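**Student:** Fold the following, please.
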Amino acid sequence: MERLDYAQFVAARHEFDAMAALSGDAMSSCTLSPWQLSAHGSMGVEPDAPDTRRHLIYRSDRAWLALVEFSAPHVYVPFESAWMFACPLVGEPTAALQLLATVVRDHAHELRAILLGGLPKGGQLHRMLAGAASRGGYAEQEGTESCIIDLGRGGIGGWLARRSRNFRRSASRATLSDGVEVIDGLALPPEEAFERILRVQERSYKALDGEDIFTMPMYLEFYRRLLHDVHASGELRLTFAMRKGEDLAYHFGFTRGAHYRGYQMSYVEDARSLGLGTALQMLHLERAEKEGVTRYDLGMLAPYKERWCDRIDHTVMAILQ
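**Tutor:** Model (predicted):
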């Protein structure tokens, strides 16, 4: 077992990601380093202020643990603790549990609590952790849900066959209108792409209703960092729908291997009747299928997503005291 500081974690991020692939149970792609590092740099720290937070970052041959101290002293949480999508404990489940137990034992004198988010509910690691901690000092809460389209079951054709007749009819009509062109965000400088997202957001129903997540500095910085990160790796999946030189809608996501994760999407309210949100979602589904994606993650549960998804994946937040 080896302890790392945060800079060493960043340098070894691809090793952490490779270990996440051993976690099984369809661990969310938010556990991967793009999401984790973007959250670490934007959440729990004041802008332009020195980052004095302490970390518990350890690795073994078959597992990693990556935690940061919360605002309460000696309470350690995942790098992303806003939604708890990201799991800080990755690797082969037995090795991961052994690593966690060793870290808890070695730091028992200074720990008040550890929070582990993003654990797939009912998965092997969750079952093993709950069983090992049954003697006390363990609690858990329902975590954040994710809406999943299973492209591994017959691709888009199979997915559509599982939808209602009305949904299939609506999806078949979701085409880009004459005069609307699609711009690929990977072809743009990342900051320009992000600024174009913000300009669409400013004219969306979310902004008009006071629900635009980008108006909150912490989340604005998070998504800016995230876009720059996945743009640099080539894993950014971003499209703009434009007409007459004006962006009317965008869809922002990420693909790695067989996993796609949608991050944000929106359209200007004046263009609602064009159905651009559905059209771009279908475009991203088609491109994801061609890339070999089988798990298409629509993100956090919302009423409109229930018509789209095949299942809802549940997670658990485990609390060790």
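**Student:** residue boundaries of the helices in the stretch 51-200 of the chain?
**Tutor:** 93-106, 124-132, 155-161, 165-172, 190-201 (DSSP state H, counting those that start in this stretch).
**Student:** would JSON lines of those with mean pLDDT, mean neighbour count and distance to Ser146 be doable?
**Tutor:** Backbone N, C-alpha and C define where each C-beta goes, glycine included. Below are those laid out as JSON lines (pLDDT from 0 to 100; neighbours: other C-beta atoms under 10 Å; distance: least, C-beta to C-beta, whole Å):
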{"stretch": "helix 93-106", "mean pLDDT": "95", "mean neighbour count": "18", "distance to Ser146": "20"}
{"stretch": "helix 124-132", "mean pLDDT": "89", "mean neighbour count": "17", "distance to Ser146": "15"}
{"stretch": "helix 155-161", "mean pLDDT": "97", "mean neighbour count": "15", "distance to Ser146": "16"}
{"stretch": "helix 165-172", "mean pLDDT": "91", "mean neighbour count": "12", "distance to Ser146": "20"}
{"stretch": "helix 190-201", "mean pLDDT": "98", "mean neighbour count": "18", "distance to Ser146": "22"}
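**Student:** Kindly reformat the ones you listed as TSV containing distance to Ser273.
**Tutor:** TSV is the format used below for those (distance: least, C-beta to C-beta, whole Å):
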stretch	distance to Ser273
helix 93-106	50
helix 124-132	45
helix 155-161	23
helix 165-172	14
helix 190-201	16
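**Student:** Please identify which of those helices is closest to Ser38.
**Tutor:** helix 190-201 (12.3 Å; C-beta to C-beta).
**Student:** about what we covered before: which one, of the helices of the stretch 51-200 of the chain, ends up nearest to Tyr260?
**Tutor:** Closest among the helices of the stretch 51-200 of the chain, using C-beta to C-beta: helix 155-161, at 12.5 Å.
**Student:** quick one: the closest one to chain centroid distance?
**Tutor:** 24 Å (C-alpha atoms, centre = their mean, to the nearest Å).
**Student:** for it, packing partners?
**Tutor:** helix 165-172, helix 276-290 (3 or more C-beta pairs under 8 Å, 6 or more residues apart in numbering; DSSP states H and E).
**Student:** Any buried residues in the longest one, and which?
**Tutor:** Neighbour counts over helix 276-290 (16 or more other C-beta atoms under 10 Å) mark 276-285, 288-289 as buried.
**Student:** pull the CA atoms of the helix or strand just after it into PDB?
**Tutor:** Next in sequence after helix 276-290, counting helices and strands by DSSP states H and E, comes strand 295-300. Written as PDB, here are the backbone C-alpha positions of strand 295-300 (Å, rounded to 0.1, in the frame of the first residue of the first chain):
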ATOM      1  CA  ARG A 295     -24.400   2.100 -21.600                       C
ATOM      2  CA  TYR A 296     -25.800   5.400 -22.400                       C
ATOM      3  CA  ASP A 297     -26.200   7.400 -19.200                       C
ATOM      4  CA  LEU A 298     -28.700  10.300 -19.300                       C
ATOM      5  CA  GLY A 299     -27.600  11.500 -15.900                       C
ATOM      6  CA  MET A 300     -29.700  12.300 -12.800                       C
END
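**Student:** Just put the buried residues of helix 276-290 in TSV and tack on pLDDT and distance to Leu67.
**Tutor:** Below are the buried residues of helix 276-290 laid out as TSV (pLDDT from 0 to 100; distance: C-beta to C-beta, whole Å):
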residue	pLDDT	distance to Leu67
Leu276	94	41
Gly277	93	37
Thr278	93	40
Ala279	94	41
Leu280	96	37
Gln281	96	35
Met282	96	39
Leu283	96	38
His284	97	33
Leu285	97	35
Ala288	98	32
Glu289	98	36
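**Student:** picking up where we left off before, nearest to Gly24, of the helices and strands packed on helix 155-161?
**Tutor:** Comparing these under C-beta to C-beta, the one sitting nearest is helix 276-290, at 21.9 Å.
**Student:** Sheet-wise, list the partners of the longest strand anywhere in the chain with their directions.
**Tutor:** The single longest strand within the chain, with elements called by DSSP state E, is strand 246-256. Paired neighbours of strand 246-256 in the sheet (DSSP bridges): strand 236-243 (antiparallel), strand 259-267 (antiparallel).
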